[in-house]
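Q: dropping the sequence and predicted coords here.
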Amino acid sequence: MTVEEYQVGQLWSVAEASKAETGGGEGVEVLKNEPFSGHPLLNGQFDRGQYTHKIYHLASKVPSIIRKIAPTGSLMIHEEAWNAYPYCKTVLTNPDYMKDNFLVKVETIHLPDRGTTENAHGLSKEELAKREVVHIDIAKDNEYLNAADITPSTTPSTFVSSKTGRGPLSSNWKQTTEPVMCAYKLVTVYFKWFGLQSVVEAYAHKVFLFFRYIFLEIRSLKDYLIFNCSELYAA
């Protein structure tokens, strides 16, 4: 799909993922959802878009025994997001309890290529030396997936869109498929506490699933002829 088509699938998948994770809005507090400008992103390449600030109240997602012993504020995650598509930045923090000891930052730039851009985020030499590159192939079932995640309707290697005729993705789809694009993600995780490895592992699993679902939601491209991106975002 193209970078423009990907945006439609992304908006659709974000809405569906939010409903699945929160029970249709339960436990999510939206503090701000407004346009922003004058906030430089990606070394000043982008400076306007949509800003959101949400608080995820996770108490309803954990066993009752955890709720009883969890310190005040520890089950509240703040999410700030700047959507300046094709660039997006999301920051997760826990200011009420872990404060500066926890931060997850995800920066994404979407480019119309096959993953060949060496330094899409404009990192310095020092940052490049620390970087670990992980190639995600959405057509392959790998260690990030559970058995329940692998079904004909949710597997890009077997899925065919009845609306667009696209799919399935072959073993060499990255070299042959047209149109094609790549989402370059820069993930920065900072935490001082022990026991949070499972959080990172769960995040990797959800990211892999999310990209697969965006391809599957190519069916929503037909709806794009009726609803423009701003209407989909508002929904």
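A: Yep, it's here.
Q: in this structure, where is pLDDT below threshold?
A: Along the chain, segments meeting pLDDT under 70 span 16-26, 62, 65-66, 141-145, 193-235.
Q: that one: strands as residue ranges?
A: Shown for the chain, the strands assigned by DSSP state E span residues 28-41, 46-57, 76-84, 87-94, 99-111, 182-191.
Q: kindly state the beta-bridge partners for the nearest residue to Lys54 once chain neighbours are set aside.
A: Using Cβ to Cβ, 6 or more residues apart in numbering and skipping residues adjacent in sequence, the residue nearest Lys54 is Glu79, 4.7 Å away. C-beta coordinates here come from the backbone N, C-alpha and C atoms, glycine included. Beta bridges link Glu79 to Lys54, Leu92, judged by DSSP bridges.
Q: please list all residues in contact with Glu79.
A: Taking Cβ atoms under 8 Å, 6 or more residues apart in numbering, we find Glu79 in contact with 52-56, 90-92.
Q: cool, and Leu103?
A: So Leu103 contacts 91-93, 188-191 (Cβ under 8 Å, 6+ apart).
Q: still on that earlier bit, relative to Leu58, how far out is the residue nearest to Lys54?
A: 12 Å (Cβ to Cβ, to the nearest Å).
Q: could you point out which of the strands of the chain sits nearest Lys125?
A: strand 182-191 (15.5 Å; Cβ to Cβ).
Q: any residues touching that closest one, and which ones?
A: Contacts to strand 182-191, defined as Cβ under 8 Å, 6+ apart, come from residues 6, 98, 101-111, 113-115, 117, 120-121, 123, 199-200, 207, 211.
Q: which of those are buried, as a PyMOL select command?
A: Selecting only the buried entries of the contacts of strand 182-191 in PyMOL, with 16 or more other Cβ atoms under 10 Å as the criterion:
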select buried, resi 6+98+102+104+106+107+108+109+110+115+120+121+207+211
